[in-house]
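Novice: Coordinates for the following, if possible.
(chains A and B)
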There are 2 protein chains.
Amino acid sequence: MSSSTALLTDHYELTMLASALRDGTAHRECTFEVFTRRLPNGRRYGVAGGIGRVLDAVENFRFGDAEIAQLAEHGVVDERTLEWLRDYRFSGQIDGYPEGELFFPGSPLLTVRGTFAEAVVLETVVLSILNHDSAIAAAAARMVSAANGRRIIEMGSRRTHEESAVSAARIAYLAGFSGTSNLEAGRRYGIPTTGTAAHAFTLLHDDERSAFESQIAALGTDTTLLVDTYDISRGIDVAVEVAGTGLGAVRIDSGDVGVLARQAREQLDSLGATNTRVVVSGDLDEYAIASLRAEPVDGYGVGTSLVTGSGAPTAEMVYKLVEVEGRPVFKRSSHKESRGGRKAAIRRYKDTGTAVEEVVHVVGAGAEPELGPNDRRLQIPLIRDGKRVDDLPTLEEGRERLRRALVSLPWEGLKLSNGEPAIPTVFHEA
Amino acid sequence: MSSSTALLTDHYELTMLASALRDGTAHRECTFEVFTRRLPNGRRYGVAGGIGRVLDAVENFRFGDAEIAQLAEHGVVDERTLEWLRDYRFSGQIDGYPEGELFFPGSPLLTVRGTFAEAVVLETVVLSILNHDSAIAAAAARMVSAANGRRIIEMGSRRTHEESAVSAARIAYLAGFSGTSNLEAGRRYGIPTTGTAAHAFTLLHDDERSAFESQIAALGTDTTLLVDTYDISRGIDVAVEVAGTGLGAVRIDSGDVGVLARQAREQLDSLGATNTRVVVSGDLDEYAIASLRAEPVDGYGVGTSLVTGSGAPTAEMVYKLVEVEGRPVFKRSSHKESRGGRKAAIRRYKDTGTAVEEVVHVVGAGAEPELGPNDRRLQIPLIRDGKRVDDLPTLEEGRERLRRALVSLPWEGLKLSNGEPAIPTVFHEA
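Specialist: Alright, predicted model coming up:
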């Protein structure tokens, strides 16, 4: 597989480029802006995810011999355009919300400045990354909120594309998950990986006891035994007989996990395994996690709902041309209201630290809004003259940023139910 | 990026392996089966997608120095297991439904036979591929049915993970889409790619006329002009003025596309551009496509709904251990009924060619069901002794297979509304 990201691109980006190179408009200075018109499914906030992956994709957006040959063979664009692509290297400016920052409808999540030619071709891969990663980030953040301090492990790799799985595992960690089952995410991003056994391991053995004995022998008593292959109550008895009261955890993956967790807790306590944790998994989403708050659950394993964005698999962001040679531009259609001009945003806070509103304003159009003592600018420089800015926030810093940002929301903003965005977006008129 | 697929794997596959190598059960001959307990969202059929990608992933499932180093450094498994993984190469048998075949609840979509050790480690990547690709395949097939012979182009790359986008484009083609916007899918799978221009191209120019003139000059009059950046009626006038009545197509991407398509058709006809096609796009799904049947639409561009599986982003398939050393095994839990034993399936048809039922049976357990003159076996050999079988069906053959399979369904089976599977699954008792 080529490491170039250049063909992760819609055909029309290159035909637009070919036409614009031909008529000379390709070299006009432009600003493209990534934003969303709405949050999906009545969500209260969005979470910026994938910013670092976008910067990697921009760096690797190079047309080598293989890419040029493909385009030439299929006549996608003319020779002049191929020559231009061969030398392609983004040389413009990118600003954006750092990973883990919250966003709202109209927030200028990413601003790409450069010639039309160099900026337009990035549209598809930039949106693919931001739409996927931010969709997972919002779902993951809601789950972490719902878990209210209890550990959550990401284990959804099998329910999504094998490469989406790696990205989703990274984003789950950003949002506060403790770790992932995905080994490639461990390698690529240094995220803790975890896991012990599936039902197949018990079924492989002559009986449950043999399976548990084998697992304890290999992984130690501080492991998690899956106790619901046959009869859960019997499974817990056997687990403690085999491992002793120092058993790390039992996992229940089916049935009414709330009721079963309570029974398991009582049974473990009665057996003296008072420190053995109860972990539940099996089709959990943020609502199921919230409903288990009163139950004696020590940890959650979450799969399908995380990797599919829990009902909102894409963040619905768009990459729109908003400025040409300093002049604001926008599509005039009835139902998709767009505002032209290069924009930035500040977030206003009360003295208590609670967020009040998102103020989006045009940059360099005269009077920008005043920055109060509690307010802060939301975009940071990401790429300058084609080069990645030094010391960009790390994954750990993004994780901390998101944790703090959620604390700053008005309390209604953390409700799981559908509703309005947690804070309003205000367009500042200069 | 490594081309190895070995770490696209859940941590627990390897800890199970470590335990099983230690106690000797790792070498027991096992059968794992991929199936789904239900079709999502009241769908009437599933479509097998990703079979060839699974075989590629199995071939590339090798633990090289980089993979071994990662596992060693993080203590995922012990030295004995690392040694075993270093030599890993799947040497067993895989049978399955060919790509483009329909499946139903309980259909044995893929059967993996080998030692526990060699088969268990494939679980995650096999499911990732099948769950993603089959989810997209079912949505795509419904859209093609709804389009009723009209052309559909896949253009959803920006709304999903950049690698899912490539796979989704391939699957859309399998299902009967004419092509994709995704250039990497063109390179990797030889699928036709297509595209002309976005609103940004018009906004870049001083006016719509300049943009259209530029596009015509670069791409010829047989191109598609996007006419809804400002005023559609004015846009169509300008398009025909610039291109003449030989203009290939106009595209409308916003608004009530049914009404707008009819107006566009009338306007084009009145201008003499009677052969200029009307293409619509913008948040279309199978229901929107169906609702446009009576309108003069020549083609559809479909994005978000295709790449997100139109409400069902995963096919919910599982990879279950069903047989150990010839003995059927199954999890005994109340709500997830599973049947042990290695299985295969036949589909029964009427003399008219209409499918009647899916008969799932245990293999080698005495009397298999009788194969009537109209019936056919659904699994084909895919891997024998670790080697891919020669002359497996191509993408084009899968496309034709699916086209024919949909024709064979009872007419209720093609309804878009929620309901029962198009044909029942019958478990044959020997």
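Novice: Where is the longest helix in chain A?
Specialist: helix A:123-147 (DSSP state H).
Novice: Contact residues of the stretch 201-350 of chain A facing chain B?
Specialist: Residues of the stretch 201-350 of chain A lying near chain B by C-beta under 8 Å from any C-beta of the partner chain: A:201, A:203-205, A:210, A:213-215, A:217-219, A:228-231, A:254-255, A:304, A:307-309, A:313-314, A:316, A:319-321, A:324, A:329-336. Glycine gets a C-beta too; all of them are placed from N, C-alpha and C.
Novice: Looking at those residues, which are in strands?
Specialist: A:319-321, A:324 (DSSP state E).
Novice: and which of these is nearest to A:Ile136?
Specialist: Closest approach to A:Ile136 among these (C-beta to C-beta): A:Tyr319, at 19.2 Å.
Novice: In chain A, where is pLDDT below threshold?
Specialist: Low-confidence segments of chain A, defined by pLDDT under 70, are located at A:1-2, A:333-337, A:365, A:367.
Novice: per the record, what domains does it have?
Specialist: Annotated domains of chain A cover A:11-136+A:312-427, A:196-297 [automatic domain parsing].
Novice: Out of those domains, flag the one nearest B:Pro381.
Specialist: domain A:196-297 (23.5 Å).
Novice: ok, the residue in the stretch 151-300 of chain A that chain B sits nearest to to A:Thr25 distance?
Specialist: As assessed by C-beta to the nearest C-beta, chain B sits closest to A:Gly195 within the stretch 151-300 of chain A, at 3.1 Å. Noted for A:Gly195: a distance of 54 Å to A:Thr25, by C-beta to C-beta, to the nearest Å.
Novice: and the stretch 1-150 of chain A, which residues reach chain B?
Specialist: A:1, A:3, A:5, A:7-16, A:18-20, A:22-23, A:25, A:28, A:30, A:32, A:57, A:66-67, A:70-71, A:74, A:76, A:78, A:116, A:120, A:123-125, A:127-129, A:131-132.
Novice: let's see it at 6 Å
Specialist: A:1, A:3, A:7-12, A:15-16, A:18-19, A:22-23, A:25, A:70, A:116, A:124-125, A:127-128, A:131-132 (C-beta under 6 Å from any C-beta of the partner chain).
Novice: Filter these down to the buried ones, ChimeraX style.
Specialist: Burial among the residues of the stretch 1-150 of chain A next to chain B is assessed by 16 or more other C-beta atoms under 10 Å in any protein chain shown; the matching ChimeraX selection reads:
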select /A:7,8,9,10,11,12,15,16,18,19,22,23,25,70,116,124,125,127,128,131,132
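Novice: A:Glu286 touches A:Ser145, doesn't it?
Specialist: No: under the contact definition of C-beta atoms under 6 Å, A:Glu286 does not touch A:Ser145, with a separation of 7.5 Å.
Novice: Now do the helices in the stretch 201-350 of chain A.
Specialist: A:208-219, A:232-243, A:257-270, A:286-291, A:304-307 (DSSP state H, counting those that start in this stretch).
Novice: From the contact counts, what lies against the second one?
Specialist: Using 3 or more C-beta pairs under 6 Å, 6 or more residues apart in numbering or on different chains; DSSP states H and E, the elements in contact with helix A:232-243 are helix A:208-219.
Novice: Which residues belonging to the helix it packs on are considered buried?
Specialist: Quick answer for helix A:208-219 (16+ other C-beta under 10 Å): A:208, A:211-216, A:218-219.
Novice: As TSV, the domains of chain A with distance to B:Glu429 would be great.
Specialist: Converted to TSV, these look like this (distance: least, C-beta to C-beta, whole Å):
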stretch	distance to B:Glu429
domain A:11-136+A:312-427	40
domain A:196-297	22
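Novice: Could you report the neighbour count for A:Trp84?
Specialist: The number of residues packed near A:Trp84 is 18, by other C-beta atoms under 10 Å in any protein chain shown.
Novice: what's the nearest residue to it if we skip its chain neighbours?
Specialist: A:Leu21 (6.0 Å; C-beta to C-beta, 6 or more residues apart in numbering or on different chains).
Novice: ok, that neighbour - contacts?
Specialist: A:80-81, A:84 (C-beta atoms under 6 Å, 6 or more residues apart in numbering or on different chains).
Novice: which one of those is nearest chain B?
Specialist: A:Thr81 (9.0 Å).
Novice: quick one: secondary structure of that closest one?
Specialist: Following DSSP: H, G, I helix; E, B strand; the rest coil, A:Thr81 is assigned to helix.
Novice: unless I'm mixing things up, it is touching A:Ala18, no?
Specialist: Yes: using C-beta under 6 Å, A:Thr81 is in contact with A:Ala18, at 4.3 Å.
Novice: Any idea how many residues pack against the closest residue to A:Ala200 other than its chain neighbours?
Specialist: Spatial nearest neighbour of A:Ala200, chain neighbours left out: B:Leu321 (3.9 Å); criterion: C-beta to C-beta, 6+ apart. By other C-beta under 10 Å, the residues close to B:Leu321 number 26.
Novice: contacting residues around the nearest residue to A:Ala243 once chain neighbours are set aside?
Specialist: In space, and not counting its chain neighbours, A:Ala243 is closest to A:Thr221: 4.6 Å by C-beta to C-beta, 6+ apart. By C-beta under 6 Å, 6+ apart, the contact list for A:Thr221 reads A:243, A:246-247.
Novice: Next, the residue of the stretch 151-300 of chain A closest to chain B: phi, psi?
Specialist: Backbone torsions of A:Gly195, given as degrees, to the nearest 10, read phi 160, psi 160.
Novice: Please look at it and B:Thr9 and confirm they touch.
Specialist: No: with contacts counted by C-beta under 6 Å, A:Gly195 stays clear of B:Thr9, the gap being 9.7 Å.
Novice: Give the residues shared as contacts by those two.
Specialist: With C-beta under 6 Å, 6+ apart, A:Gly195 and B:Thr9 have no common neighbours.
Novice: what's near enough to touch A:Ala246?
Specialist: No, residue A:246 isn't Ala; it's Gly. A:Thr221.
Novice: ok, so what distance separates it from A:Asn275?
Specialist: Taking C-beta to C-beta, one finds A:Gly246 at 8 Å from A:Asn275.
Novice: again with A:Tyr12
Specialist: Between A:Tyr12 and A:Asn275 the distance, using C-beta to C-beta, works out to 60 Å.
Novice: just A:Asp253 next, same as before
Specialist: 21 Å.
Novice: which of those two has more neighbours?
Specialist: Higher neighbour count among A:Asp253 and A:Asn275: A:Asp253, with 21 against 13, using other C-beta under 10 Å.
Novice: isn't that one right up against A:Ser281?
Specialist: Yes: the pair A:Asp253 / A:Ser281 is scored as a contact, 4.9 Å apart, by C-beta under 6 Å.
Novice: how about A:Thr193, phi and psi?
Specialist: According to degrees, to the nearest 10, A:Thr193 has phi -110, psi 150.
Novice: Let me know the helix or strand that the residue lying closest to it once chain neighbours are set aside is in.
Specialist: Nearest residue to A:Thr193 in three dimensions, chain neighbours excluded: A:Gly186, at 4.0 Å (C-beta to C-beta, 6+ apart). In this structure, A:Gly186 sits in helix A:183-189 according to DSSP states H and E.
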